[in-house]
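**Q** Quick one: sequence plus predicted model below, questions after.
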Amino acid sequence: MVSKDFPAVEGSVHVPGDEGYDAELAGFNTAYTHRPAVVVAARSAEDVRAAVTYAREHRLSVAVQATGHGLSVANEGGVLVVTRGLDGVRIDVGARTAWIGAGVTWGRVIEEAARFGLAPLSGSFPGVGAVAYTLGGGIGVLAREFGYAADHLKAAEIVTADGEVRTVDAAGDPELLWALRGAGHNFGVVTAIEVGLVPVERVYGGQLVFDGEHAEELMRTWTAWTRTVPETVSSGIGFVAYPDLPMLPELLRGRYVATVSVAFDGPAEEGERLVAPLRAVAPPLKDGLREMPYTDSAEIYSDPPSPHAYSATNVLLAGIDEDALAGVVEAGGPDADIMCVLNVRHLGGALTRMPQDGGGSALGHRDAQYLVQLITPVAGNASLGVARSVQQDLRTALAARTLGCALPFEFGDGERATEAQTRRGYTPGDYARLARLKARLDPANLFRHNRNIVPATG
């Protein structure tokens, strides 16, 4: 058994055939599963250090999983570090920061911070792992006002390929901190992070749900509306043709719908005035806009809470012109070759600006104004092939305005994930800088299972 010589750890170690092996592999995206030779369910940074050291000595690759939302390339025969046991959260009220373990989800951080009138730059779904989300960038519900979650990364505890446990901050290692802000999965196993919090207790927001017959008009109205709203408004629009299944809400069952999700950091009265053009498109099937505590922010996008199988792609656009509007709506419509969930997020605002601390960030394409994401539920290889074809059609249709992609929104590339795809997430200069740092910290490319940056040579 490959784990016979594995050192003692506080957590647990599993190999194929062990009780608990499959349970540790389980993630939110059920379309793909790691099949490692060794699973380490870590309970501490020392457990992670032991796992990385073992992998290096046995020339095995290392993958990391907390919630398993964004699995890119499955680990076959290597070492998987499961970080769910690293579940500590500490709030520093005076500094407005949170220290978050690698297994913590945003829901937990939201609840802890709210006790002090603060909020994290969390995403649309509270079940996502806070650390992986932040390292990948993080476009939160108030992103246009506060920027990327990665921009608010202040420090990290990381186990690098040499087996060292390091604390990284702007004073001690500004180059690695820069890389962790947007490309952190490539340089080690991050066991905890310190992030800035914002003084937000309540927001005005929620969803407007319309019948799909109004989809094109709503898309046109929303796009024009996004050019007028202040940075305190973040929003997205989505299109889904739902199947007629009994487990779906009656409102959605067998129906094509268009949904606008809005988050506004301001008084409800002003929010009501701002959203009036959207409400005027047609009588909504559901009007869920209201003032809410930030602890209810999951209502703004109402992402599905149960694990399921899906693949996804996305593009970052400089803008959306009239010629592209119909094509975008059509991609998520009832005539698509496979069920699709099409989402468009309004960017700009604070997302265009670098972190205020001067440390910079590896995140690229900050001039993007919109993110278009196509999610396709899949069931087996046949539907996966159709999904990839539909996704490619969307990328081709929007190629003329495409700047690149947001790598955390690329799910399920599997063996197709290539260096060329990873390059789409960064500027050429930043990718070269990341590759040089990778060559210094991980020359054997142990950490290559999540949007891999290839170490520079020569």
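**A** That came through fine.
**Q** what sits against residue 272?
**A** The contact partners of residue 272, taken as Cβ atoms under 8 Å, 6 or more residues apart in numbering, are 204, 289. The C-beta positions use only the backbone N, C-alpha and C, and glycine is treated the same way.
**Q** and it, helix, strand or coil?
**A** Recorded secondary structure, residue 272: helix (DSSP: H, G, I helix; E, B strand; the rest coil).
**Q** Check residue 238 too.
**A** strand.
**Q** So what pairs up with it in the strands?
**A** Residue 238 has these beta-bridge partners by DSSP bridges: residue 259, residue 343.
**Q** pretty sure it contacts residue 258?
**A** Yes - in terms of Cβ atoms under 8 Å, residue 238 counts as a neighbour of residue 258; the distance is 7.2 Å.
**Q** These two: which is more packed in?
**A** More neighbours surround residue 258 than the other of residue 238 and residue 258, with 29 against 21 (other Cβ atoms under 10 Å).
**Q** low-confidence ranges in the stretch 251-400 of the chain?
**A** Applying pLDDT under 70 to the stretch 251-400 of the chain flags the ranges 381-382.
**Q** how about the strands in it?
**A** For the stretch 251-400 of the chain, the strands defined by DSSP state E, counting those that start in this stretch cover 256-264, 286-287, 290-293, 310-317, 341-346, 370-377.
**Q** Identify the neighbouring strands of the helix or strand that residue 193 is a member of in the sheet and state each direction.
**A** Using DSSP states H and E, residue 193 falls within strand 189-196. Strand pairing for strand 189-196, using DSSP bridges, gives strand 97-101 (antiparallel), strand 153-159 (antiparallel).
**Q** what's in contact with it?
**A** For strand 189-196, contacts defined as Cβ under 8 Å, 6+ apart pick out 42, 44-45, 48, 51-52, 62, 64, 81, 83, 86, 88, 96-102, 120-121, 130-131, 134-135, 149, 152-159, 165, 169, 180, 184, 447.
**Q** cutoff 6 Å now
**A** Strand 189-196 has contacts (Cβ atoms under 6 Å, 6 or more residues apart in numbering) with 45, 48, 64, 81, 86, 97-102, 131, 152-159, 184.
**Q** ok, now how distant is the nearest residue to residue 169 once chain neighbours are set aside from residue 43?
**A** Using Cβ to Cβ, 6 or more residues apart in numbering and skipping residues adjacent in sequence, the residue nearest residue 169 is residue 155, 4.1 Å away. According to Cβ to Cβ, to the nearest Å, residue 155 and residue 43 sit 21 Å apart.
**Q** Also residue 456?
**A** When distance is defined by Cβ to Cβ, residue 456 is 35 Å away from residue 43.
**Q** Also residue 378?
**A** Here residue 378 is placed at a distance of 34 Å from residue 43 (Cβ to Cβ).
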